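Peer 1: Provide a 3D model corresponding to the input given below.
(chains A, B and C)
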Amino acid sequence: MNHLLTLTELSNEEINLLLMDAQEFVDGKEWKVEKQSFVANLFFEPSTRTRFSFEVAEKKLGIDVLNFEAITSSVQKGETLYDTVRTLQAIGANAVVIRHTDDEYFKQLSSGINIPIINAGDGCGHHPSQSLLDLLTMKQEFGSFKDLKVLIVGDIRHSRVARSNAEILTRLGANVKFSGPSEWHDETNPFGSYISLDEGIEESDVVMLLRIQHERHDQSIGLTKEEYHEQYGLTIERGKKMKQNSIIMHPAPFNRDVEIASELVESMNSRIFKQMENGVFVRMAILKRAFQHVEGRVLLCRSL
Amino acid sequence: MNHLLTLTELSNEEINLLLMDAQEFVDGKEWKVEKQSFVANLFFEPSTRTRFSFEVAEKKLGIDVLNFEAITSSVQKGETLYDTVRTLQAIGANAVVIRHTDDEYFKQLSSGINIPIINAGDGCGHHPSQSLLDLLTMKQEFGSFKDLKVLIVGDIRHSRVARSNAEILTRLGANVKFSGPSEWHDETNPFGSYISLDEGIEESDVVMLLRIQHERHDQSIGLTKEEYHEQYGLTIERGKKMKQNSIIMHPAPFNRDVEIASELVESMNSRIFKQMENGVFVRMAILKRAFQHVEGRVLLCRSL
Amino acid sequence: MNHLLTLTELSNEEINLLLMDAQEFVDGKEWKVEKQSFVANLFFEPSTRTRFSFEVAEKKLGIDVLNFEAITSSVQKGETLYDTVRTLQAIGANAVVIRHTDDEYFKQLSSGINIPIINAGDGCGHHPSQSLLDLLTMKQEFGSFKDLKVLIVGDIRHSRVARSNAEILTRLGANVKFSGPSEWHDETNPFGSYISLDEGIEESDVVMLLRIQHERHDQSIGLTKEEYHEQYGLTIERGKKMKQNSIIMHPAPFNRDVEIASELVESMNSRIFKQMENGVFVRMAILKRAFQHVEGRVLLCRSL
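Peer 2: Next up is the predicted model:
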């Protein structure tokens, strides 16, 4: 079963294969499912960008889309996630894309579900399609991850992006550093060391800003937006100190003039909207991988 | 106009025709609408399963889907159901699927609406597509309804399923019995007699469990979930006393360890997820019936 | 960029071209986008009719639809409208349809967005697709706008419809009059004079009723629904005084027995549901205009 739950479970070869497939889609490749197929998008948290990105990817592959939003669902009637997914499988979903507030929600789906599960973000844990689109954006820019200096700035402790990107970038040969308020340092994340923001910005190839997730935790660090921007944001001044050919990334949605000066959002070295464009192509590659397995299995069954 | 409002209005022949059509879809038959067509799904109550089941059925028939959820609609502006449906007709819907909290909401639509109305559940009354999928599941298992012993367990008084299934099964020759808390007995339902749960389970071919509808009524029967399970649920012990070749059914969503022991949900003789699979095919048959009439009428008009 | 923001910005020729295109669609013309295309419908206010009308129009043109409802979106995370639209553009939307509570929200999108924006209603300001469908309905009936007597009745001050229709009808040669409670007169609207309701009804070709927008303003005029109907509504008695061949219009949703006697909603001279039918065809013309420009540009780029 070609689930995509975390990048941890994928080999470097598998990751590179996904990135190559995604780049082929960027370059105009067409690939469609062979027969009518359904994907259910289950979003237990709102997320415009990720949901639409998957929906566009699905439709570009000729897949019929079932959009499930927790707010209007039987989940209100207390159904377990397993039963919801098992139901969608019974109704005809050939794969499910799930975003959920629980860490590793997919563990409760490990047996009984016979369709690919694509993790679109779990709790504070993983967000593999986001990581892949980040990787694709860096690869397009720099060709390789070897010795790439990547600075991740912000709420390291609570970010899915920090956690999964640091691990996978380190594995692929990059040199990851973290920066941000000490309250948000994460001692459990071994894939990077801490550095002062100004020092990090001057030496990095990639400055990856994280969203201040007001909605995800209440532990205030006692700073106003202006103070955060001044101390930990990419101000215009800091932007000027970035290396030539270095790039700015942000998983979005971004808070203008908090994590990043509004003027820098669409500046020459920002790749923020490029990341979103790449997101569709990465998700097409993920879905193709899931469906090729399914279709392979179907063909196999038929030929027996 | 090929509405489907209740099974009561259909003859046994019409019911059998729908079941045969549904079985053909189960067996792989393809049928598509001849020209671009729209169905609006109007759900005034949340229902994952029924809504997605209709949506998959519609898309499998090549129909374009308009999903209407009351929460984001002009209904907030006080529009009548008639005006909402008449509007959807004007905008181009060729049929509407409606789920509504009012009993027999469709009576207010009886004149003025010129497109087929498919009832996806009204108040505590009817749920014909659910009844048909239940019938299909039994027919697949037993071939005929003649003398089939069906036990319906739970909240007989407030259940759409109990009401419509008991009537139609009796008409088709089955022998229906009810079981459950006396507070939920329904003196107005003449299509079955009451029996103790343990006796019923030992003699029945079909044990059909009903959902405890916490959200639908407040009249508590003063039992905890554990007590309900012990007294009126299909426990593991009771499951062992079922007849050989008998089956377990439940309209879902089910409450694990309340109506049914969690271990029995996907046991050998459970048909709960099979029912959901059948639901799509039954709805394809219902929609085909609605559209064949529409297309027939169009052809007729053209040939005049 | 073929935006459609207000009718004010269009010449009479452009308006007539849109009406002719719409009429061709009414008469059965087919036109489809040449390659897979996406439109995002962004509705920051609920509106069944407008949203579905655009959705049907889009699907009739072969366009893939992304339905964005503010309630479940990142807007909850404080994203600006510009960033939301820029994101949808990055994800692959080839055009956006926007309904928003802010007057002239589109001004903040004037630079940076490279896809057509279609205004589906802004604040109390413009609603060009509604105006166009009103125009089409009148043109079908009377052939021309020259000297057409149009009476607009109700809340002139707060109505998008009153504002944009009065202006455009005047420009096209019609004679617009207003009627309604003096609290709702609009001294800033120079495109019509006030007349008593009974006098206006007797002399007009078109009686256009406006919705009492309970949800949009609190300034009560101190009348019950019955009193409003008696003083400012199209009662059965007033309906009898309308000129022969005159028509009733209403942008809907209507309040039965407030703006209009329930019996008149589908009477012989009512065009209320005809307006809704026309709405789909007008929106097809608007989308065709947007996409032809896009496709023209693409072809141009390719040939360079």
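Peer 1: isn't A:Ser204 right up against A:Lys149?
Peer 2: Yes - between A:Ser204 and A:Lys149 a contact is recorded at 4.6 Å, counting by CB atoms under 8 Å. The way it works is simple: take the backbone N, C-alpha and C, and place the C-beta from them, glycine included.
Peer 1: would you list every one of the strands in chain A?
Peer 2: A:38-43, A:64-69, A:95-100, A:117-122, A:149-153, A:175-179, A:193-194, A:206-209, A:247-249 (DSSP state E).
Peer 1: tell me what A:Arg99 is bridged to.
Peer 2: Counting by DSSP bridges, A:Arg99 forms beta bridges with A:Phe43.
Peer 1: what's the burial count for it?
Peer 2: 22 (other CB atoms under 10 Å in any protein chain shown).
Peer 1: so what's it up against?
Peer 2: For A:Arg99, the contact set (CB atoms under 8 Å, 6 or more residues apart in numbering or on different chains) comprises A:42-45, A:47, A:50-51, A:119-122.
Peer 1: and it, how close does it get to A:Ser204?
Peer 2: Counting by CB to CB, to the nearest Å, the separation of A:Arg99 from A:Ser204 is 29 Å.
Peer 1: still on that earlier bit, comparing A:Ser204 and A:Lys149, which shows the higher neighbour count?
Peer 2: A:Ser204 (24 against 16).
Peer 1: residue contacts, the more buried one?
Peer 2: Contacts of A:Ser204 (CB under 8 Å, 6+ apart): A:149-151, A:177, A:242-243, A:246.
Peer 1: export those to a markdown table and tack on pLDDT and distance to B:Phe281?
Peer 2: Below are the contacts of A:Ser204 laid out as a markdown table (pLDDT from 0 to 100; distance: CB to CB, whole Å):
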| residue | pLDDT | distance to B:Phe281 |
| --- | --- | --- |
| A:Lys149 | 98 | 57 |
| A:Val150 | 98 | 51 |
| A:Leu151 | 98 | 55 |
| A:Lys177 | 98 | 57 |
| A:Met242 | 98 | 59 |
| A:Lys243 | 97 | 61 |
| A:Ser246 | 98 | 57 |
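Peer 1: closest to B:His185 out of these?
Peer 2: A:Val150 (68.0 Å; CB to CB).
Peer 1: partner residues bridging the closest residue to the closest one other than its chain neighbours?
Peer 2: With CB to CB, 6 or more residues apart in numbering or on different chains as the criterion, A:Val150 has its nearest non-adjacent residue at 4.5 Å, and that residue is A:Val206. Judged by DSSP bridges, the bridge partners of A:Val206 are A:Val150, A:Ile247.
Peer 1: which regions of the stretch 51-200 of chain A sit below the pLDDT cut-off?
Peer 2: A:71-77 (pLDDT under 70).
Peer 1: so which residues of it form helices?
Peer 2: A:81-91, A:128-142, A:160-171, A:197-203 (DSSP state H, counting those that start in this stretch).
Peer 1: of all these, which one is nearest B:Met268?
Peer 2: helix A:81-91 (16.4 Å).
Peer 1: so is the closest one next to chain B?
Peer 2: Yes - for helix A:81-91 and chain B, the contact criterion (CB under 8 Å from any CB of the partner chain) is met by A:83-84, A:86-91.
Peer 1: which of those sits closest to chain C?
Peer 2: Ranked by distance to chain C (CB to the nearest CB), the residues of helix A:81-91 next to chain B are led by A:Thr84 at 17.3 Å.
Peer 1: mind putting the residues of helix A:81-91 next to chain B into TSV with distance to B:Met1?
Peer 2: Output for the residues of helix A:81-91 next to chain B, formatted as TSV (distance: CB to CB, whole Å):
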residue	distance to B:Met1
A:Asp83	37
A:Thr84	35
A:Arg86	37
A:Thr87	32
A:Leu88	32
A:Gln89	35
A:Ala90	31
A:Ile91	28
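Peer 1: list only buried entries from those residues.
Peer 2: The neighbour count (16 or more other CB atoms under 10 Å in any protein chain shown) marks A:83-84, A:86-91 as buried among these.
Peer 1: dump the residue contacts of the spatially most central residue of chain A.
Peer 2: Computing the C-alpha centroid of chain A and ranking residues by CA atoms, centre = their mean puts A:Gln130 first, at 1.5 Å. Going by CB under 8 Å, 6+ apart, A:Gln130 touches A:50, A:121, A:160-161, A:164, A:251, A:279.
Peer 1: among those residues, who's most crowded?
Peer 2: When neighbours are counted by other CB under 10 Å, A:Gly279 leads the contacts of A:Gln130 with 30 neighbours.
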